[in-house]
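1. could you look at this predicted model? Sequence included:
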Amino acid sequence: MKIYLIFSATDSFLSKLIGMYTQQRYNHVSIAFDSELKNVYSFGRKKISNPLIGGFVKEDFYDPFFLCSQTAIYSLTVTPEELNALQAAIHYFEKHQHQLTYNFIGLLTLALNFNFERQNAYFCSQFVATILKEAQIKEFEKQTHFIKPMDLLDELPLEYIYEGSVVDYLDFDEKEIENNWELNQQIV
């Protein structure tokens, strides 16, 4: 059985700001349970238009915000028991999402290499590392609030799947992108 780690970079201000600090191509990571990217989870913006409202999210990679972003997709082979544990962790986060918040302070303490752990607050790589640890897939050498997206790439036995734009991966045609973009603009 496979799960997928999606490393991404959008053109958002926050993504560019984080990228200036990390000097890494990808500064966001999500976990998916399918290669079509329909069941993708992370900690990030709850509203596409406002990066300051963040928390646990089921990400929509079919949204124009993500369609234009660059991504690297890797798979990780897991046992049925590990998959069940991951799905149970996701269920827990879904059930308690209103008690959880995005760990902006953790981003700052990570940048300063300051050991500060917050309850019920996660940033993307901290979340992915936490559920992988809870599912007993990986015991990280660092505490999860010190894990950066590229640490996951370095420390896990990942299999390369794809690198490029999300839209090319999902094999959209231009008409579908325009329709999705127009629909998204009507909602916002």
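-> Now that the structure is in, tell me what you want to look at. Residues are numbered from 1 along each chain as shown.
2. C-alpha only now, for contacts and for neighbours.
-> Will do.
3. pick out the residue nearest the middle of the chain.
-> Residue closest to the average C-alpha location in the chain (CA atoms, centre = their mean): residue 30, at 2.2 Å.
4. where exactly do the strands run in this structure?
-> Counting by DSSP state E, the segments of the chain that form strands are 2-9, 28-32, 40-47, 50-59, 70-77, 101-102, 121-122, 159-165.
5. out of those, nearest to residue 171?
-> With CA to CA as the criterion, residue 171 lies closest to strand 159-165 of the strands of the chain, at 9.9 Å.
6. just the C-alphas of the closest one, formatted as CSV.
-> Taking Å, rounded to 0.1, in the frame of the first residue of the first chain, the C-alpha atoms of strand 159-165 are listed here in CSV:
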residue,chain,number,x,y,z
GLU,A,159,10.0,6.7,-4.2
TYR,A,160,10.1,9.5,-6.7
ILE,A,161,6.8,9.9,-8.7
TYR,A,162,6.7,13.3,-10.4
GLU,A,163,8.1,16.8,-10.4
GLY,A,164,6.6,19.7,-12.2
SER,A,165,3.4,21.7,-12.2
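7. hmm, back to that, out of the strands of the chain, the one nearest residue 84 is which?
-> The stretch from the strands of the chain with the least distance to residue 84 (CA to CA) is strand 2-9; that distance is 11.4 Å.
8. avg pLDDT for the closest one?
-> The predicted model gives strand 2-9 an average pLDDT of 96.
9. tilt between that strand and strand 159-165?
-> Using axes from the mean of the first three to the mean of the last three CA atoms, to 10 degrees, one finds that strand 2-9 and strand 159-165 are set 30 degrees apart in direction.
10. helices and strands around strand 2-9, which ones?
-> Packed against strand 2-9 by the contact rule (3 or more CA pairs under 8 Å, 6 or more residues apart in numbering; DSSP states H and E) you find strand 28-32, strand 70-77.
11. for the longest one, list every residue counted as buried.
-> It refers to strand 70-77. Across strand 70-77, burial judged by 16 or more other CA atoms under 10 Å covers 70, 71, 72, 73, 74, 75.
12. just stretch 74-92 next, same as before
-> 74, 75, 82, 83, 85, 86, 89, 90.
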